[in-house]
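Enquirer: Below are the sequence and a predicted model for it; my questions follow.
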Amino acid sequence: MTKAAIMEGGVITRWFGRPTDGPYLFNNARQHPSIVDVPGVTDEALAEINIYRITRDPAPVIDPLTQRRELVPAVIGGSTTHETWSVVPLTLPEQTEEVQANRRGAYLQDVGTFGDQFDAILKQFNQLRLDGTPMIQEMDDKLTAWLAVKAENPLP
C-alpha cells in the first residue's frame, strides 16, 4: 500500500492505516485508506479531500566506509509529505567499525573461518614435522593433541 497522510491546515494530522476493501465511494474515501492505490485516483482528486500520497526521493549513493544515509521522514505535525535523505559522515569509530565488518566479511569469504585458518596452519606444521623439521616440544605436543582430536572426531 502506498503511504499516505491526511493534512489539515497544511499540517499532517493522521497517517492512513491498514488498507480496507472497497467500495470506494469518494464521499467516504477518508475512511478507506487504500483509496490511494485505486487506479485512476489522481493526486489532485485526493488533495480535494486533504489526502496526500507520501513521496520519497531515491536513496543517494554513498561511500559506506565514510558515510551513512538517514531518512528525513514526513511526520505528524509536519508540513510536507515528501521524504528526503541526508548524507551524514561517519565518525571515526563508525568508520573503524565499518572497515572491520568489511574485513571480517572478506576474510570469511576468501580465507575462511578462524578454525579453517588454524587447521591449515596446523596441517602445515604437521607436514613439516613429518618431513623431519624439528619442532619445539610445545608445538610437538599441540600437534599430537590436535591429531588425536581429529582421529577421535572424524568429519563425515
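Expert: Sure, I can see it.
Enquirer: what's the burial count for Glu97?
Expert: Applying other CB atoms under 10 Å, we find 12 residues neighbouring Glu97. For glycine as for every other residue, the C-beta is placed from the backbone atoms N, C-alpha and C.
Enquirer: Following element in sequence after the strand or helix carrying it, please.
Expert: Here Glu97 is covered by helix 92-110, with elements defined by DSSP states H and E. Using DSSP H and E, the next helix or strand after helix 92-110 towards the C-terminus is helix 114-130.
Enquirer: what separates that following helix from the chain centre, distance-wise?
Expert: Centre-to-centre, helix 114-130 and its host chain are 36 Å apart (CA atoms, centre = their mean, to the nearest Å).
Enquirer: Next: stretch 71-86.
Expert: 21 Å.
Enquirer: which residues are contacting it?
Expert: 4-5, 7, 10-15, 52-57, 59-60, 69-70 (CB atoms under 8 Å, 6 or more residues apart in numbering).
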